[in-house]
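J.: Take this sequence and fold it.
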Amino acid sequence: MKKILIMGGNQFVGEAIAKEFLEKGYKVYALNRGTRKNLDAVIHLKCDRNKVEDLEQVLKNIYVDAIIDVSGYTQSEVKLIQNIMKNRFSQYIFISSASIYNNISSYPVNEDDFVGENNIWGDYAKNKFLAESEIINNSKLFGFKYTIFRPFYIYGIGNNHNRENYIFSRIKYDLPIYLPNKGENIVQFGYIDDLVNAILLSIDNELYFDEIFNISGDECISFNKFVEICGKVMGKKVNIKFINTSDKIKARDWFPFRDIHLFGDISKIKKRGFKNQYSLFDGLKKVYDYNEKNKMITKPILNKLENI
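T.: A predicted model of the protein is given here:
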């Protein structure tokens, strides 16, 4: 039986990974603090990944085929787990972020474009970039294979970020959706199940060894179009209005996305056999139906900017 260790594993991306790998017959360890419920079939390793002695104790005598790091945000976090698990895993799969692309001169971005710290995403992008660099360096030092995924916006059932559900709630309660400026920035959304399938495909697969991949859906659309698709999913008309941003009013003051282009070239991973299973409409329909059935689309709290 193949074994994986998920760093995280009990929220959105990590839980979706755990569920799929369990269904495929893997033995799944999930290392997290236990502040949220873990899946019943998962072997829970309760630990703060930043506490060295605790980490050494819970991982004692554990050998896995791959480590899938969902909760790694800093260089020190990935360095620590790789040191402790040295010679006890073969592949390190890291969920990075498309936010690390910097000084972008043209879109769509590809894996060879410039990455690093940037003013838009701040320390988050800086730390993800440094974590990637640490993984690549350590792979040579410790003799493991790495696979790094750079997702764009991830959506799906269980999303802990109030993104698609923000749009659903405003449409449901006949409230306008305020988009920054003219809502023309282009973005790219990837359904959670497609991301998980890419990870599954990469396990013990030489085509994915020591490689970095953009991962997202096939469609690149404006925020206007995204809202319209949400409305079609719900069978309702949408009321779109615009707010001009400024030094005093930022898109993130009310909007769940940054007002920037964020889309990339995913041809590299497609050449390795990956194929998205969900169109944006189909993915959003699945999320909407689930959230509505489970009474998760509640009346939104109005923002102070509503009176603009």
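
J.: so where do the helices sit in this structure?
T.: Along the chain, counting by DSSP state H, helices occupy 12-23, 52-58, 75-84, 122-142, 164-172, 192-202, 223-234, 267-270, 280-293.

J.: Quick check: mean pLDDT of the shortest one?
T.: So the one you mean is helix 267-270. Averaged over helix 267-270, pLDDT sits at 98.

J.: separation between S216 and S222?
T.: From S216 across to S222, the span is 15 Å (Cβ to Cβ, to the nearest Å). All C-beta atoms are positioned from the backbone trio N, CA, C, and that covers glycine.

J.: Comparing the two, which residue is more hemmed in?
T.: Between S216 and S222, counted using other Cβ atoms under 10 Å, the more crowded position is S216 (29 against 16).

J.: Wait, that one touches F263, no?
T.: Yes: counting by Cβ atoms under 8 Å, S216 touches F263, with 7.4 Å between them.

J.: shared neighbours, those two?
T.: Shared contacts of S216 and F263 (Cβ atoms under 8 Å, 6 or more residues apart in numbering): 152, 188.

J.: got any ranges where the protein has weak pLDDT?
T.: For the chain, applying pLDDT under 70 flags the ranges 307-308.

J.: Tell me the spacing between the residue nearest the centre of it and Y278.
T.: In the chain, the residue lying closest to the centroid (Cα atoms, centre = their mean) is I154, at 4.9 Å. Here the criterion is Cβ to Cβ. By it, I154 lies 12 Å from Y278.

J.: number of nearby residues for the residue nearest to L305 when sequence neighbours are not counted?
T.: Spatial nearest neighbour of L305, excluding adjacent residues (Cβ to Cβ, 6 or more residues apart in numbering): W254 at 5.0 Å. W254: 17 surrounding residues under other Cβ under 10 Å.

J.: Next up, the contacts around W254.
T.: 178, 243, 303, 305.

J.: Columns neighbour count on top of the residues you listed, output as JSON lines?
T.: Compiled in JSON lines, the contacts of W254 are given as follows (neighbours: other Cβ atoms under 10 Å):
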{"residue": "Y178", "neighbour count": "19"}
{"residue": "I243", "neighbour count": "19"}
{"residue": "N303", "neighbour count": "12"}
{"residue": "L305", "neighbour count": "12"}
